[in-house]
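Novice: could you work out the structure for the sequence below:
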Amino acid sequence: SETDLKAVKRLKKCTNCDLSYANLSKLDLSNSDLSGSNLSFSNLSGTNFNKANLSFTSLVKSKIYIANFENANLEGANLTGARLNGSNFKKANLIDATLISAVMSKANLQEVVLDGANLKYAKFKGAILKKAKFYGSLISFTDFSTADLSESEMVAVDLSNSVFVSTKLDHVNFIETNVS
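Specialist: Reported below is the predicted structural model:
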């Protein structure tokens, strides 16, 4: 709604708000609280969400190119079909997030926590996932072509039918993981 959009821009706080289809591109929303909000089909390209609380938000099919989510909380967020190419998720919390068919090509996901996340059909081509944590994540049919997964933790995950063409896998911890 227009009221919710004004609250976000003025106060950087709008919990459980309807911001679907909004244009929030290139805004500084660092340290904002948008938890529980609906941002589906929105344009968030170039937006700064550093240290923002986006837990349990819906970002379904949003356009989020080259945005900054460093140290952001996206626990339980739904990013199904979102386009996140070139975005920065360094040290972000994506525990139990849904990223089905999300496109994160060339994104920076260093030290990201994806425990329990659903990454089925996601595309991480050329992404940096150094020291990422994937405890109990659903990763089947995921494309990690040319990605860097060095020193990542893939514990109790299903990697069946995933693509690892020219993927950097130095010192990855595959414990109780199905790699068939």
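
Novice: neighbours of Ile66, just the number please.
Specialist: 16 (other Cβ atoms under 10 Å). From N, CA and C alone the C-beta is placed, and that goes for glycine too.

Novice: mind checking the SS state of it?
Specialist: When classified by DSSP: H, G, I helix; E, B strand; the rest coil, Ile66 comes out as coil.

Novice: skip the chain neighbours and tell me the closest residue to it.
Specialist: The shortest distance from Ile66 to any non-neighbouring residue, by Cβ to Cβ, 6 or more residues apart in numbering, is to Gly86 (4.4 Å).

Novice: list the contacts of Asn23.
Specialist: Neighbouring residues of Asn23 by Cβ atoms under 8 Å, 6 or more residues apart in numbering: 42-43.

Novice: and the residue nearest to Ile66, how many neighbours?
Specialist: 18.

Novice: hey, where'd the strands end up in this structure?
Specialist: 153-155, 173-175 (DSSP state E).

Novice: before we move on, back to that, quick one: pLDDT of the residue nearest to Ile66?
Specialist: Listed pLDDT for Gly86 reads 96.

Novice: report the contact partners of it.
Specialist: So Gly86 contacts 65-66, 105-107 (Cβ under 8 Å, 6+ apart).

Novice: make it 6 Å
Specialist: Applying Cβ atoms under 6 Å, 6 or more residues apart in numbering, we find Gly86 in contact with 65-66, 106.

Novice: cool, Asn73 as well?
Specialist: Asn73 makes contacts with 53, 55, 93, as judged by Cβ under 6 Å, 6+ apart.

Novice: let's have the residues you listed in JSON lines, adding neighbour count and distance to Arg10.
Specialist: Conversion of these to JSON lines gives the following (neighbours: other Cβ atoms under 10 Å; distance: Cβ to Cβ, whole Å):
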{"residue": "Asn53", "neighbour count": "20", "distance to Arg10": "17"}
{"residue": "Ser55", "neighbour count": "21", "distance to Arg10": "22"}
{"residue": "Asn93", "neighbour count": "22", "distance to Arg10": "26"}
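
Novice: can you redo those residues as CSV with distance to Asp143 and pLDDT?
Specialist: As requested, the contacts of Asn73 are arranged in CSV below (distance: Cβ to Cβ, whole Å; pLDDT from 0 to 100):
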residue, distance to Asp143, pLDDT
Asn53, 30, 98
Ser55, 27, 98
Asn93, 23, 98
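
Novice: distance to Ser37 for those residues - can I get that in CSV?
Specialist: Output for the contacts of Asn73, formatted as CSV (distance: Cβ to Cβ, whole Å):
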residue, distance to Ser37
Asn53, 10
Ser55, 10
Asn93, 17
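
Novice: let me know the closest of those residues to Lys61.
Specialist: Top of the list for closeness to Lys61, among those and by Cβ to Cβ, is Ser55 at 19.4 Å.
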